[in-house]
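Visitor: My questions are about this predicted structure, shown below with the sequence.
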Amino acid sequence: MEAYCVKCRAKREIKDPEAITMKNGKPATQGTCPVCGTKVFRIGKG
């Protein structure tokens, strides 16, 4: 699954993806950018 990295300004494959639930109850995926190590986040089921 890909997510947009704000630091790299590009879509990157999520490293160590983790399915989470946001405060409003919607699903999301959180992980890190494999290039720079910044947290990346994608809303929606994955």
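Guide: Sure, I can see it. Just so it is clear, the structure is predicted and the values come from calculations on it, not from any experiment.
Visitor: CA only for contacts and neighbour counts going forward, please
Guide: OK.
Visitor: Work out which residue lies at the spatial centre of the protein.
Guide: With distances taken as CA atoms, centre = their mean, the residue of the chain nearest its centroid is F41 (2.8 Å).
Visitor: Name the residues of the strand or helix carrying that residue that come out as buried.
Guide: Taking DSSP states H and E as the criterion, F41 maps to strand 39-43. Neighbour counts using 16 or more other CA atoms under 10 Å place K39, V40, F41, R42 of strand 39-43 among the buried residues.
Visitor: Take those and lay them out in a markdown table including pLDDT and distance to C5.
Guide: Output for the buried residues of strand 39-43, formatted as a markdown table (pLDDT from 0 to 100; distance: CA to CA, whole Å):
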| residue | pLDDT | distance to C5 |
| --- | --- | --- |
| K39 | 97 | 8 |
| V40 | 97 | 6 |
| F41 | 96 | 8 |
| R42 | 97 | 10 |
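Visitor: Return the member of the residues you listed nearest to P27.
Guide: Using CA to CA, R42 comes nearest to P27 of the buried residues of strand 39-43, at 9.1 Å.
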